[in-house]
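1. Quick one, fold the following:
(one chain, ligands or ions: 1)
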Amino acid sequence: MLMSGLEAHPDREEDYRFLHSMLREKKIHLLFKIHERLKLFKKRRPSPAQEHAATLVSNLMENLIHQDCTDEVTELVAIMSKPHLKSLLSVHDAVAQRNYEPILPPIPDDFVADEEDSVKIVSLVITKEPLGATIKKDECTGAIVVARILKGGSADKSGLIHEGDELKEVNGVSMEHRKPKEILPLLARSKGEVTFKIIPAFHKEVPASQRKKLFVRALFDYNPDEDPTVPCKEAAVGFKRGDILQIVSWDDDTWWQACHHGDGESRAGLIPSQQLHERRVALQRPRALFKPRTPKAPDEAQVLDDVDYRAITGFHIAGLRRSFRLGRKGSVARETARSRRWSAGVHSSISPPTYIQVVPYHKAPTDWHRLVVLVGPSGVGVSELKKRLLISDPDRYAVTVPYTTRERRQQETDSVDYHFVPLHEFEENILHHRFIEYGRYKGHYYGSSLDSVNRVLADGKVCLLDMHPSNINRVCKAEYRPFVVFVKPPRIEELRLTRRRAKFICEEEEKNPVRTFTEEDFDEMIDLSESMEREYGHLFDKVLVNGDIAVAFRELKAEVLKVIEADVQWIPTEWVCPSPKTARRSCSHLTGWK
Ligand SMILES: Nc1ncnc2c1ncn2[C@@H]1O[C@H](COP(=O)(O)OP(=O)(O)OP(=O)(O)O)[C@@H](O)[C@H]1O
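-> Next up is the predicted model:
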């Protein structure tokens, strides 16, 4: 309107020059835009504010023509130069002109009529973010198909490409007779956008709200850079044992999709499925286990029946009585146990630790502290670490007092060193499943009871308990929420170096209860540690290598503090809703997710 007005008065050169200079300024350019829009407003039903703005703009237009910049111009320019308004206008213009959409290539002329329905052209704008899709060659048809869409990636967010879609063309290049690896450079070359011609696969969209949220704790370390079988390294997610992962897709038998918990916005990546990891470990296992030894003739082992293997004891510090872990056996018994372990390992079908399904547990102020359970092979330093923790903060930590049927000795105090109970009482407690661990040694029973744990916890203290890992399931309940620390020996060289002056305490009734570690003790400790980790690794929340005792203690203390003070604790789902079939805390209940 304005320009046509100027054209109508070509002799008004001054007006024209003035307007020209104003137009070069962006502010005036914006005024024109808003003027156009306000004209539209006027046609509808404008609000008083819009009407005022429209009047201002009209006045301005008039004034521009008559070279008369009034207060209205100043006011309007001030309004229009506000950054948020400027951006709003420019976004509006971009949307109004629909210039955000890529220009699609024309539909090829050679489409046959019935193909038209099934082919779709998808254009994706490439950003710094990866496309988030993997492709493969369909072995039957030879077609290139989308193998996976990674949740949260560009392809997933677009909602236009799906698993199973067949790629006919990428950026106009036919996919016929191509190998997947030839297609990646094509994608890499696309600047700004990439266009796919696709034959869509039939798929049923599951609304995000209906997708179940599934969290797991990883029970092994995974580094995609060291995995030659991962379909696409860039699309994989690495993790450490103990990390909480959110599984977003477990549709595939071999590769699941997951993201680290807390990275809500991050894209999901590939992780080995439970099945894949189990298969891999099974393939490695025979090699790892092939360490045959010649067992010596069993003698002492016959004294220890299957229950008794848990029941070896020997205490020397009041309040720090040992529990009933596998340990402290004579060398012959150790050999027998070792050979039994080895054959069990070869023939057993124990599932390796993979993932365990977990749920967040929000700690209430009245809740008991988590039970801190220490496990490890005999001599590794469980008692030493427990003692240091106790001494470091006796108001916070406490240990349980064990039960025994043996006679009280002169220097011992009842309920401090042991609860001394008669045989019938002990046996009654066994019948009522009151013991976490118990066993018989030299004709006497020894045991750790759930009651004694409860007493420590009810006192508001953190209960430190050591036990054999086979008994951990006794305390795997929401009320105890055990935090299990596996104390592991360092490599043999460091073990020799650090234990030079250490004393190995044997059974108190032995003639020479204190001796130094031998090479055989070190071998035994490492062997036992390996088999414990193999068999019970899925139960361990933390693996602590006890090389330098000061370092190990510091690490343990920091970890325990962190865990007991955390408001949200990730605990196995089974502790809150136990499944009748799976009595132990294990990863086996992950099967059947699909
Ligand atoms: N990191 C370490 N460096 C040096 N000595 C250590 C270390 N850890 C433990 N020890 C010493 O090793 C010996 C055995 O440790 P400890 O009694 O704690 O073992 P344990 O795991 O409780 O064994 P058991 O189950 O047989 O009682 C002790 O003399 C202890 O002081």
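2. any chance you could read off phi and psi for the residue nearest to residue 213 when sequence neighbours are not counted?
-> Spatial nearest neighbour of residue 213, chain neighbours left out: residue 246 (6.7 Å); criterion: C-beta to C-beta, 6 or more residues apart in numbering. For the C-beta atoms, the positions are set from N, CA and C on the backbone; glycine is no exception. With angles defined as degrees, to the nearest 10, residue 246 sits at phi -100, psi 120.
3. how far away is residue 246 from the ligand?
-> 37 Å (C-beta to the nearest ligand atom, to the nearest Å).
4. what sits against residue 532?
-> Under the criterion of C-beta atoms under 8 Å, 6 or more residues apart in numbering, the contact list for residue 532 reads 375-377, 469, 486.
5. Those in strands, which ones?
-> 375, 486 (DSSP state E).
6. nearest to the ligand, of the contacts of residue 532?
-> The ligand has its nearest neighbour among the contacts of residue 532 in residue 376, at 5.5 Å by C-beta to the nearest ligand atom.
7. Name all residues that make contact with that closest one.
-> 325, 382, 466, 486-488, 529, 532, 546.
8. Now it. Its backbone dihedrals?
-> phi 170, psi 160.
9. Kindly provide the distance from it to residue 556.
-> According to C-beta to C-beta, to the nearest Å, residue 376 and residue 556 sit 12 Å apart.
10. now residue 214
-> 31 Å.
11. show me what contacts residue 490?
-> 498, 545-547 are the contacts of residue 490 under C-beta under 8 Å, 6+ apart.
12. Strands - which of those land there?
-> Of the positions in these, residue 545 sit in strands, assigned by DSSP E.
13. what's the neighbour count on the nearest residue to residue 430 once chain neighbours are set aside?
-> Spatial nearest neighbour of residue 430, chain neighbours left out: residue 438 (6.2 Å); criterion: C-beta to C-beta, 6+ apart. By the measure other C-beta atoms under 10 Å, the count of residues near residue 438 is 25.
14. and if you look at residue 239?
-> Neighbour number of residue 239 under other C-beta under 10 Å is 21.
15. Excluding covalently adjacent residues, which one is nearest to it?
-> Per C-beta to C-beta, 6+ apart, closest to residue 239 is residue 218, 4.8 Å.
16. quick one: that neighbour from the ligand, how far?
-> 27 Å.
17. who touches that residue in this structure?
-> Neighbours of residue 218 in contact, by C-beta under 8 Å, 6+ apart: 239-245, 355.
18. next one: residue 447
-> 324, 402-404, 426, 429-430, 435-439 are the contacts of residue 447 under C-beta under 8 Å, 6+ apart.
19. For it, give me the backbone phi and psi.
-> When read as degrees, to the nearest 10, the backbone of residue 447 gives phi -160, psi 160.
20. What's the separation between the closest residue to residue 395 other than its chain neighbours and residue 390?
-> Among residues not flanking residue 395 along the chain, residue 461 sits closest, at 7.8 Å (C-beta to C-beta, 6+ apart). The gap separating residue 461 from residue 390 is 10 Å, by C-beta to C-beta.
21. Identify the contacts common to the two.
-> Residues touching both residue 461 and residue 390 comprise 397-398, with contact defined as C-beta under 8 Å, 6+ apart.
22. Can you list the residue ranges for strands in the stretch 251-400 of the chain?
-> 255-260, 269-272, 355-362, 372-375, 397-399 (DSSP state E, counting those that start in this stretch).
23. Are there helices or strands packed against the second one, and which ones?
-> Contacts of strand 269-272 with other secondary structure elements, assessed using 3 or more C-beta pairs under 8 Å, 6 or more residues apart in numbering; DSSP states H and E, are made with strand 255-260.
24. these two touch, right, the residue nearest to residue 395 and residue 398?
-> Yes. At 4.2 Å, residue 461 counts as touching residue 398 under the criterion of C-beta atoms under 8 Å.
25. could the contacts of residue 376 go into a markdown table alongside distance to the ligand?
-> As requested, these are arranged in a markdown table below (distance: C-beta to the nearest ligand atom, whole Å):
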| residue | distance to the ligand |
| --- | --- |
| 325 | 5 |
| 382 | 4 |
| 466 | 7 |
| 486 | 12 |
| 487 | 7 |
| 488 | 11 |
| 529 | 11 |
| 532 | 12 |
| 546 | 5 |
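26. which one of those sits closest to residue 200?
-> residue 486 (50.0 Å; C-beta to C-beta).
27. Does the closest one touch residue 543 like I think?
-> Yes. Assessed by C-beta under 8 Å, residue 486 is found in contact with residue 543 at 5.0 Å.
28. Give me the more crowded residue out of those two.
-> When residue 486 and residue 543 are compared on other C-beta under 10 Å, the one with more neighbours turns out to be residue 486, at 24 against 16.
29. So what pairs up with that one in the strands?
-> Listed by DSSP bridges, the beta-bridge partners for residue 486 are residue 375, residue 543.
30. Give me the domain ranges for the protein.
-> What automatic domain parsing lists as the domains of the chain is 2-96, 113-199, 208-272, 310-334+363-571.
31. Read off the pLDDT value for residue 293.
-> On pLDDT, residue 293 comes in at 41.
32. right, I mislabeled it, should have said residue 515
-> Looking at residue 515, its pLDDT is 74.
33. Tell me the helices and strands packed up against the helix or strand containing it.
-> Using DSSP states H and E, residue 515 maps to strand 514-516. Using 3+ C-beta pairs under 8 Å, 6+ apart, the elements in contact with strand 514-516 are strand 503-505.
34. List the pairing partners of the strand it packs on within its sheet, with orientation.
-> For strand 503-505, pairing defined by DSSP bridges yields strand 514-516 (antiparallel).
35. hmm, the strand it pairs with in reach of the ligand?
-> No. Residues of strand 514-516 contacting the ligand under C-beta under 6 Å from any ligand atom: none, with a closest distance of 8.7 Å.
36. Among the contacts of residue 490, find me the one that's closest to residue 573.
-> residue 545 (29.3 Å).
37. returning to what we had before: how about the residue nearest to residue 213, what does it touch?
-> Residue 246 sits next to 213-215, 258-261 when contact means C-beta under 8 Å, 6+ apart.
38. Any of those residues buried? List them.
-> Buried subset of these (neighbour count, 16 or more other C-beta atoms under 10 Å): 214-215, 258-261.
39. mind giving me JSON lines with the residues you listed and columns for pLDDT and distance to residue 367?
-> Formatted as JSON lines, these follow (pLDDT from 0 to 100; distance: C-beta to C-beta, whole Å):
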{"residue": "214", "pLDDT": "86", "distance to residue 367": "25"}
{"residue": "215", "pLDDT": "91", "distance to residue 367": "20"}
{"residue": "258", "pLDDT": "89", "distance to residue 367": "29"}
{"residue": "259", "pLDDT": "88", "distance to residue 367": "29"}
{"residue": "260", "pLDDT": "88", "distance to residue 367": "27"}
{"residue": "261", "pLDDT": "83", "distance to residue 367": "22"}
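40. Export those to JSON lines and append columns for distance to the ligand.
-> Output for these, formatted as JSON lines (distance: C-beta to the nearest ligand atom, whole Å):
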{"residue": "214", "distance to the ligand": "37"}
{"residue": "215", "distance to the ligand": "33"}
{"residue": "258", "distance to the ligand": "36"}
{"residue": "259", "distance to the ligand": "37"}
{"residue": "260", "distance to the ligand": "32"}
{"residue": "261", "distance to the ligand": "33"}
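41. biggest separation within those, which pair?
-> Spatial extent of the buried ones among the contacts of residue 246 (C-beta to C-beta) is set by the pair 214 and 260 at 13.9 Å.
42. gap between the residue in the stretch 101-250 of the chain that the ligand sits nearest to and residue 127?
-> Going by C-beta to the nearest ligand atom, the ligand is nearest to residue 241 of the stretch 101-250 of the chain, at 21.6 Å. Going from residue 241 to residue 127 by C-beta to C-beta gives 34 Å.
43. Determine the number of other residues adjacent to residue 393.
-> Residue 393 has 12 neighbours, counted by other C-beta under 10 Å.
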